[in-house]
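Engineer: dropping a prediction and its sequence here:
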Amino acid sequence: MNHPILKNCAVRNCAALAVLFFFVRGALGGGLAAQAPAASGVPTTAKAQALIDLTGYWVSIVNEDWRWRMMTPAKGDYASVPLNAEGRRLADTWDPVKDEREGNQCRAYGAGNIMRIPERLHITWGNDTTLRMDTDAGMQTRLFHFDGSKWLGGAPQLQGDSVAAWEKQKQRVGILNNLAGPVPGKGGTLHVVTTHMKPGYLRKNGVPYSGNAVLTEYYDRFDEDGNSYLIVTSVLDDPKYLNDSFITSGQFRLEPNGSQWKPAPCRPLWPIAAEVATAER
């Protein structure tokens with residue numbers, strides 16, 4: 001990929017470069033465009049306003065953080081996660097048997113980690129103001145609402161309540177240098193903020209996030225050499241278990257159709273890192 005930010009991205013540097021991309025975009029001042037004002041010839045629904053097309057089937061490209069994504073890390077392996085003392089204590093007492101006994105097999109499949117699971121996505125429009133994302137791994141459904149929060153109270157949900165908006169860098173135009181708003185179909189990013197999540201895991205080995213966590217995501221599409229790529233930059237803030245923001249990035253490639261789509265229930269454990277290492281000797 002030859003995007004200015006991601007060109008020549010080394011395996012272990014992709015996340016850092018995606019983070020740089022995220023902060024550069026923020027510094028330039030992106031404009032939110034959840035709904036355009038009603039005007040002659042201006043689309044008034046999120047679907048009609050879409051700055052990029054995210055629909056279709058996408059497959060994960062796992063070229064970084066292999067040991068945390070493709071297998072279940074050993075208990076206590078929370079390297080690079082800014083856990084506070086309480087977060088480390090909870091991670092150190094992780095018990096997968098207890099999770100299964102209590103029906104919590106899907107804790108690593110919540111919104112805070114679902115985009116890091118090796119998987120396929122199927123993205124469609126549920127209606128003119130709701131973008132729907134289904135995952136084959138864990139058979140989860142995320143709904144991105146462009147018309148505001150749908151939180152009505154009650155028990156938090158695994159995928160939480162997601163509010164979305166189209167975002168585009170503002171352009172200076174005209175002799176007065178007025179700032180122009182987003183232009184439908186001219187490129188941009190999808191900005192999603194998710195709250196009211198059920199407590200879950202940032203990794204399959206019990207690294208926790210709480211129901212107070214706030215997840216901010218940016219979805220960017222790049223097309224090159226006949227392929228389309230989706231870059232997801234995630235920022236999770238959790239005052240209960242984290243000392244700082246936990247920032248990650250993930251990559252997906254667009255597939256021609258859904259022939260590889262094979263939904264499967266949550267798998268609470270993959271091969272344990274120590275077991276894999278032993279088998280390879």
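Structural biologist: On my side now, so go ahead.

Engineer: C-alpha from now on. contacts and neighbour counts both.
Structural biologist: Will do.

Engineer: ok, and the closest non-adjacent residue to the residue sitting nearest the centre point of the chain?
Structural biologist: Nearest residue to the geometric centre of the chain (C-alpha atoms, centre = their mean): Met115, 4.7 Å. The shortest distance from Met115 to any non-neighbouring residue, by C-alpha to C-alpha, 6 or more residues apart in numbering, is to Gly250 (7.0 Å).

Engineer: who's the one you found bridged to?
Structural biologist: Gly250 forms beta bridges with Val232, as assigned by DSSP bridges.

Engineer: need the contact list for it.
Structural biologist: Ala15, Ser60, Ile61, Val62, Met115, Arg116, Ile231, Val232, Thr233 (C-alpha atoms under 8 Å, 6 or more residues apart in numbering).

Engineer: the fifth one and Asp95, how far apart?
Structural biologist: Separation of Met115 from Asp95 (C-alpha to C-alpha, to the nearest Å) stands at 23 Å.

Engineer: low-confidence ranges, the stretch 101-250 of the chain, go.
Structural biologist: Counting by pLDDT under 70, the stretch 101-250 of the chain contains low-confidence ranges at 169-185.

Engineer: what ranges does it have for its strands?
Structural biologist: Using DSSP state E, counting those that start in this stretch, the strands of the stretch 101-250 of the chain run over residues 120-127, 130-135, 141-145, 161-169, 171-173, 178-180, 189-195, 200-201, 208-209, 214-224, 227-237, 246-255.

Engineer: closest to Gly87 out of those strands?
Structural biologist: Among the strands of the stretch 101-250 of the chain, strand 208-209 comes nearest to Gly87, with 6.4 Å by C-alpha to C-alpha.

Engineer: that closest one pairs with which strands, parallel or anti?
Structural biologist: Strand pairing (DSSP bridges) places strand 208-209 next to strand 200-201 (antiparallel).

Engineer: off-centre distance for the partner strand?
Structural biologist: 14 Å (C-alpha atoms, centre = their mean, to the nearest Å).

Engineer: outside of it, which residues touch it?
Structural biologist: Identification of contacts with strand 200-201 by C-alpha under 8 Å, 6+ apart yields Arg107, Ala108, Tyr109, Gly110, Gly112, Asn113, Leu158, Val207, Pro208, Tyr209, Ser210.

Engineer: Gln260 and Glu119: what is the separation?
Structural biologist: Gln260 is 11 Å from Glu119, by C-alpha to C-alpha.

Engineer: give me the common contacts of these two.
Structural biologist: Overlap of the contact sets of Gln260 and Glu119 (by C-alpha under 8 Å, 6+ apart) is empty.

Engineer: out of those two, which sits in the more crowded spot?
Structural biologist: Under the criterion of other C-alpha atoms under 10 Å, the comparison of Gln260 against Glu119 puts Glu119 first, with 20 against 12.

Engineer: how far away is the more buried one from Ala164?
Structural biologist: Per C-alpha to C-alpha, Glu119 is found 22 Å from Ala164.

Engineer: ok, now Tyr229?
Structural biologist: From Tyr229 to Ala164 the distance is 20 Å (C-alpha to C-alpha).

Engineer: what of Val232?
Structural biologist: 14 Å.
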